[in-house]
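Chemist: predicted model and sequence follow; I will ask about them next.
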Amino acid sequence: MRQKIAAGNWKMNNTLEESVALAQALVDAGSPSGVLTILGVPYVYLDKINQIVAGAENIEVAAQNAHQELSGAFTGEISVKMLNSIGVKYVILGHSERREYFGETDELLLAKTNTVLGAGQIPIFCCGEPLAIRKAGTHITYVIDQLKNSIFKLSAEDFSKIIIAYEPIWAIGTGETASPAQAQEMHEEIRKAIAEVFGNEIAEGTSILYGGSVNAANAKDLFSNKDVDGGLVGGASLKADVFVQVMNGF
Ligand code: PGA
């Protein structure tokens, strides 16, 4: 059975005090049985929040990015070695905001993925198409190409450790969600493509999350699809009571 995952992506939001309160409320609520909850925390709070969730079962933290080099003269950047030294096990890579605002390419993201895996951490690898591509009807090819140009180049052993997040850009932070059928269609195509490259067993074992305006009201409908193994949630992960409902949406 594939791992069910409720991942929050806090992005560049909240003070330390607000972050601590949010994490504590989620720890108090607890991750539902069989669900892995992962919190995508800003770098400066990762250590603190990791200590807060340490006692809770099935709640982990993720960094929202990492540099492809292990150390060196890269002012302002954070390495996987640093993340390892504070016990961070998950790293979100290739979010569309990183791709769009920070020029992250498929090639760079493959390098980052290799570095993260090399550190023994698990990448949550994002893909997804812009609105114009969706309107043109070429979204499936677009997303599969993103994967072909990056993580499909990994060894089967490395690929099998990865979590994928499909996040259509037109649905991120817009309040417009992909319909359950649209999400299922893409997830099924991604799984088919994984099977073609790495075989059925790995395809069936890969958790594929949906992201883009997931909230308390739509999580159940999205997560009930055969190939949707959970969500990567932005806005709705910032309010404890709302995110707890998402965590319970399986
Ligand atoms: P959203 O963000 O839930 O606010 O749309 C999702 C994401 O960017 O991961």
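Modeler: That came through, no problem.
Chemist: CA atoms only: put the longest helix seen in the chain into CSV for me.
Modeler: Criterion DSSP state H: the longest helix present in the chain is helix 180-198. This file holds the C-alpha atoms of helix 180-198, laid out as CSV (Å, rounded to 0.1, in the frame of the first residue of the first chain):
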residue,chain,number,x,y,z
PRO,A,180,-11.0,15.4,-8.8
ALA,A,181,-11.2,14.0,-12.4
GLN,A,182,-8.5,16.4,-13.6
ALA,A,183,-6.2,15.4,-10.7
GLN,A,184,-6.9,11.7,-11.2
GLU,A,185,-6.3,11.9,-15.0
MET,A,186,-2.8,13.5,-14.5
HIS,A,187,-1.8,11.2,-11.6
GLU,A,188,-2.8,8.2,-13.6
GLU,A,189,-0.7,9.4,-16.5
ILE,A,190,2.3,10.1,-14.2
ARG,A,191,2.0,6.6,-12.7
LYS,A,192,1.8,5.1,-16.2
ALA,A,193,4.9,7.0,-17.3
ILE,A,194,6.8,5.9,-14.1
ALA,A,195,5.8,2.3,-14.9
GLU,A,196,7.2,2.6,-18.4
VAL,A,197,10.6,3.9,-17.1
PHE,A,198,11.0,2.0,-13.8
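Chemist: gap between A217 and the ligand?
Modeler: Distance of A217 to the ligand, computed by CB to the nearest ligand atom, to the nearest Å: 13 Å. C-beta here means a position set from N, CA and C on the backbone, and glycine is covered the same way.
Chemist: hmm, who's touching the helix or strand following the longest helix of the chain?
Modeler: Next along the chain after helix 180-198, taking DSSP states H and E as the criterion, comes helix 200-205. With contact meaning CB atoms under 8 Å, 6 or more residues apart in numbering, helix 200-205 is reached by 2, 156, 159-160, 191-192, 194-195.
Chemist: mind listing what's buried in helix 200-205?
Modeler: Within helix 200-205, the residues that count as buried by 16 or more other CB atoms under 10 Å are 202-203.
Chemist: strand partners of the following helix or strand past that helix, parallel vs antiparallel please.
Modeler: Sequence-wise, the next helix or strand downstream of helix 200-205 (DSSP H and E) is strand 208-211. Strand 208-211 has the following sheet partners, assigned by DSSP bridges: strand 163-166 (parallel), strand 230-233 (parallel).
Chemist: coming back round to it: now rank the contacts of helix 200-205 by neighbours and give me the top one.
Modeler: Neighbour counts for these (other CB atoms under 10 Å) peak at I194, which has 25 neighbours.
Chemist: gap between that residue and Q24?
Modeler: Distance from I194 to Q24, counting by CB to CB, to the nearest Å: 37 Å.
Chemist: and for S96?
Modeler: S96 sits 30 Å away from Q24, going by CB to CB.
Chemist: who has more neighbours, those two?
Modeler: Taking other CB under 10 Å, S96 and Q24 do not tie; S96 has more neighbours (19 against 15).
Chemist: how about the residue of the chain found nearest the ligand: what's its closest non-neighbour residue?
Modeler: Of all residues in the chain, G234 sits closest to the ligand, with a separation of 2.3 Å (CB to the nearest ligand atom). Leaving aside its chain neighbours, G234 sits nearest to N9 (5.0 Å; criterion: CB to CB, 6 or more residues apart in numbering).
Chemist: and for K192?
Modeler: Spatially, and ignoring its direct neighbours in sequence, K192 is nearest to A203 (7.4 Å; CB to CB, 6+ apart).
Chemist: stretch 58-71 near the ligand anywhere?
Modeler: No - Stretch 58-71 is not in contact with the ligand by CB under 6 Å from any ligand atom; minimum separation 9.5 Å.
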